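Undergrad: predicted model follows, preceded by the sequence.
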Amino acid sequence: MTLTLPQVNFSVNRMFPFKKEGGISGNKKWYEEIGISYTTNAQNQIRTRMDKPLFQETVFRDSSRMGIRHNIPISANYKVFKYFVFNPGINFSERWYPNRLEYGFNDSTNRVEVIDTVSGFFANRDFSANANLSTKVYGLWRYRGFVKAIRHVMTPTVGLNYRPDFSDDFWGYYQEVQSDTLGNTELRNRYSNGVYGSAGQGLSAALTFGIQNTLEAKVRDKSDSTGLKKIKILERFSLNGNYNMAAEEFKLSTIRFTASSSIFDRLITLNYNATFDPYHFDEDLGRRVNEFAFDNGSGLARVTNQRFTAGTRLDPRRLKSKSQKEKDKKDKKSNEGGGSDETNPAAGALGITEGDVDYYRLPGYVDFSVPWSLNLNYNLSYNNPGGGEPTIRQSMDFSGDLDLTQGWKVGFRTGYDFEAKDFTFTSFNFYRDLHCWNLACSWVPFGFQQTYTLTIRVKSSILQDLKLERRRGVGDFRR
């Protein structure tokens with residue numbers, strides 16, 4: 001059982017401490033652009049077995065993990081050389097712990113073990129610095145046919161990231177300890193059980209680079225008042241990577257490629273991700289070696305994994321015509337007295353807008369204003385980190401919900417794995433609108449994760465933690 005008691009969070013919005021009051025825009029000094037924010041988190045966590053008494057001094061003393069974490073990001077934004085944007089920044093983090101671990105080599109077990117937990121006040125801090133330079137390059141091609149214009153926006157970015165090696169003896173966060181009977185040693189983190197982790201190992205001095213592209217077109221459209229309609233051909237087309245100058249080998253990282261688009265007026269969304277490894281894989285050694293693939297006749301880079309997804313969401317609002325959508329929007333604003341037309345108030349509180357992936361999937365939120373919805377997703381993945389045959393998987397996911405009556409809604413989620421020729425994780429969800437409360441039942445009818453959960457909770461997003469839950473899991477069913 002894990003118990004978090006208490007948990008405290010405090011934050012300060014980004015402020016500009018050197019900014020002059022009533023300053024004129026365009027005449028700012030460089031130091032007036034420096035922004036700083038502050039966040040602190042504190043929690044006490046107890047982990048114990050269910051068969052042990054909980055509210056005893058020994059449990060709180062022996063099973064408690066507590067800590068406080070402070071984060072202070074400092075950044076600025078400057079326009080340089082007229083067309084470039086320069087963003088320097090420093091991130092500082094400090095963790096406070098009441099104890100740390102001491103390690104030793106156990107001759108009887110031939111293992112490194114924790115030999116003592118030292119109590120006191122210990123500060124574990126780390127920091128990093130970064131600077132990025134970016135610009136935008138525009139290209140425009142005009143035509144006379146159905147396609148009136150094509151616009152290409154390219155955003156190249158280059159930057160530097162630096163982080164010290166916090167496993168150095170100077171910091172005292174890691175302990176060098178004997179690891180075997182031959183006298184070899186290894187580093188062990190003294191704060192490995194810290195509730196907020198610890199500063200990491202390894203010096204990093206990386207040159208980051210990336211390029212992002214968008215491609216749009218203007219086409220003829222008689223239904224629009226301007227006679228033109230803007231469509232997105234490529235919503236995202238990017239490459240990203242880095243070169244760690246401080247690394248002893250494999251200085252160049254893998255190159256990440258991302259592309260996304262949509263068709264049929266955003267009815268179907270398409271996403272493609274790939275990772276390219278610039279280093280050669282030696283099949284005799286069974287591992288990648290510090291030699292470029294190009295020098296070994298393996299091409300410019302090796303494709304280690306790829307993923308393609310195509311998905312759509314269907315509901316009555318999606319299938320309405322453009323004129324009907326505008327009419328419904330005006331009618332709703334009129335009925336609400338010009339208020340917000342946001343369908344999901346909980347989503348608005350989280351900064352999630354309609355059209356985002358998680359808009360209708362907030363925890364505990366059910367949209368009874370949509371009578372039915374259906375989500376379809378096709379997934380195709382390719383994975384080949386080294387030698388041998390690649391692993392190719394493809395599956396189809398289905399999810400949706402349907403109003404049975406005015407207050408009852410039923411939802412489902414399932415899928416089919418074409419390689420395993422079997423259904424993937426399947427669940428059914430039943431919801432009952434109880435005015436100020438919601439009743440929900442989640443049921444996984446088959447498979448290893450066979451469970452059911454019955455929950456009644458308050459609708460208000462402010463009181464989401466006010467709920468009663470009944471859960472039965474894997475160990476409660478005969479097989």
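TA: Arrived safely.
Undergrad: in this structure, which spans are helices?
TA: Taking DSSP state H to define them, one finds helices in the chain at 57-62, 316-319, 322-335, 345-349.
Undergrad: show me what contacts Thr451?
TA: Taking C-beta atoms under 8 Å, 6 or more residues apart in numbering, we find Thr451 in contact with Ser442, Trp443, Val444, Arg471, Arg472, Gly473, Val474. For the C-beta atoms, the positions are set from N, CA and C on the backbone; glycine is no exception.
Undergrad: can you do 6 Å?
TA: For Thr451, the contact set (C-beta atoms under 6 Å, 6 or more residues apart in numbering) comprises Val444, Gly473.
Undergrad: any regions of the stretch 101-250 of the chain where pLDDT drops low?
TA: Low-confidence segments of the stretch 101-250 of the chain (pLDDT under 70): 224-225.
Undergrad: do that again at 90, thanks
TA: Within the stretch 101-250 of the chain, the ranges that satisfy pLDDT under 90 run 106-119, 143-148, 178-184, 192-194, 202, 218-235, 246-248.
Undergrad: ranges for the strands of it?
TA: 111-135, 137-142, 147-163, 174-178, 185-189, 204-220, 228-244 (DSSP state E, counting those that start in this stretch).
Undergrad: before we move on, back to that, comparing the helices of the chain, which yields the minimum mean pLDDT?
TA: Averaged per stretch, pLDDT over the helices of the chain is lowest on helix 345-349, reaching a mean of 46.
Undergrad: list the beta-bridge partners for Tyr174.
TA: Beta-bridge pairing of Tyr174 under DSSP bridges involves Asn189.
Undergrad: that one is in contact with Asp168, isn't it?
TA: No. Checked against C-beta atoms under 6 Å, the pair Tyr174 and Asp168 is beyond contact range at 8.2 Å.
Undergrad: so which of these two has more stuff around it?
TA: Under the criterion of other C-beta atoms under 10 Å, the comparison of Tyr174 against Asp168 puts Tyr174 first, with 22 against 12.
Undergrad: distance of the more buried one from Ala129?
TA: Noted for Tyr174: a distance of 22 Å to Ala129, by C-beta to C-beta, to the nearest Å.
Undergrad: for Pro385, same thing?
TA: According to C-beta to C-beta, Pro385 and Ala129 sit 32 Å apart.
Undergrad: relative to Gly202, how far out is Asp168?
TA: Asp168 sits 10 Å away from Gly202 when distances are taken as C-beta to C-beta.
Undergrad: per-residue pLDDT, Asp476?
TA: Asp476 is assigned 64 on the pLDDT scale.
Undergrad: with Pro88 instead?
TA: Reported pLDDT for Pro88: 96.
Undergrad: bridging residues for it?
TA: Bridge pairing for Pro88 - DSSP bridges - gives Ala131.
Undergrad: surely it meets Ala131?
TA: Yes. Between Pro88 and Ala131 there is a contact under C-beta under 6 Å: 4.4 Å.
Undergrad: need the strands of the stretch 101-250 of the chain in CSV with distance to Ala310, can you?
TA: Shown next, in CSV, are those (distance: least, C-beta to C-beta, whole Å):
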stretch, distance to Ala310
strand 111-135, 31
strand 137-142, 28
strand 147-163, 24
strand 174-178, 47
strand 185-189, 43
strand 204-220, 19
strand 228-244, 14
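Undergrad: who wins for proximity to Pro278 among these?
TA: The closest of the strands of the stretch 101-250 of the chain to Pro278 is strand 228-244. By C-beta to C-beta, the value is 8.5 Å.
Undergrad: go through that closest one and flag the buried ones.
TA: Residues Glu235, Phe237, Ser238, Leu239, Asn240, Gly241, Asn242, Asn244 are the ones in strand 228-244 that count as buried (16 or more other C-beta atoms under 10 Å).
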